[in-house]
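Peer 1: Please work out how this folds:
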Amino acid sequence: MDKQTFYGIGFKNDLGGYEIRTPNFKTSSSPKGITSIDNGTNTVAVFEGFMDFLSFKAMNKQLPENSLNFVILNSVSFFEKARVFMETHHSIQLYFDRDETGLSYTKRALSLSTKYTDESKLYHKYKDLNDWAMNCGKSEKRKLRQKL
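Peer 2: I've put the predicted structure just below:
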């Protein structure tokens, strides 16, 4: 009998469920919800998914661990639920996907308050922040670090 090994990564949300990724599969366990990381700062960076969040963290290793708060929506459909936490901040940085849905939610957020900023311009030629991180040059990554 052949023994197969499977592996993946799980990312816990605020409700105790997990977002789960393997090289070939993407799923979640119940309950599904947002993941928030409150470091007590006035700025929050918001991501659609945890792979974008992990890419952001990998590109910004020099940032002090508690310099930003974070929200990982785990689905843009949780945007409204996340607003309660997001809007307690002075600055809300959006790192949404550059697809129709992500751009639509970005447009909506920008219409709600000047606290929201669209950071996806940084990776405007790519699907999302993770795609950009995996495919862009070092000089573009330096621009992100200098901005922060």
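
Peer 1: Need the contact partners of stretch 20-37.
Peer 2: For stretch 20-37, contacts defined as CB atoms under 8 Å, 6 or more residues apart in numbering pick out 6-19, 50-51, 69-75, 78, 81-82, 85. The way it works is simple: take the backbone N, C-alpha and C, and place the C-beta from them, glycine included.

Peer 1: N66 against G40, yeah?
Peer 2: Yes - here N66 reaches G40: they are 7.0 Å apart, a contact under CB atoms under 8 Å.

Peer 1: Which one's more surrounded, the two?
Peer 2: Neighbours were counted for N66 and for G40 using other CB atoms under 10 Å; N66 has more, 11 against 6.

Peer 1: and S111, helix, strand or coil?
Peer 2: helix (DSSP: H, G, I helix; E, B strand; the rest coil).

Peer 1: what about it, neighbour count?
Peer 2: 8.

Peer 1: which stretches of this structure have low pLDDT?
Peer 2: When residues are selected by pLDDT under 70, those of the chain lie in 1, 137-148.

Peer 1: Name the residue closest to the centre of it, please.
Peer 2: With the centre of the chain defined as its mean C-alpha position, the nearest residue by CA atoms, centre = their mean is F47, 2.1 Å away.

Peer 1: For the nearest residue to that residue once chain neighbours are set aside, give its distance to N74.
Peer 2: Nearest residue to F47, sequence neighbours excluded (CB to CB, 6 or more residues apart in numbering): F53, at 4.5 Å. Distance, F53 to N74, using CB to CB, to the nearest Å: 10 Å.

Peer 1: quick one on the thing from earlier: which of the contacts of stretch 20-37 are buried?
Peer 2: The neighbour count (16 or more other CB atoms under 10 Å) marks 11, 13-14, 17-19, 50-51, 69-74, 78, 82, 85 as buried among those.
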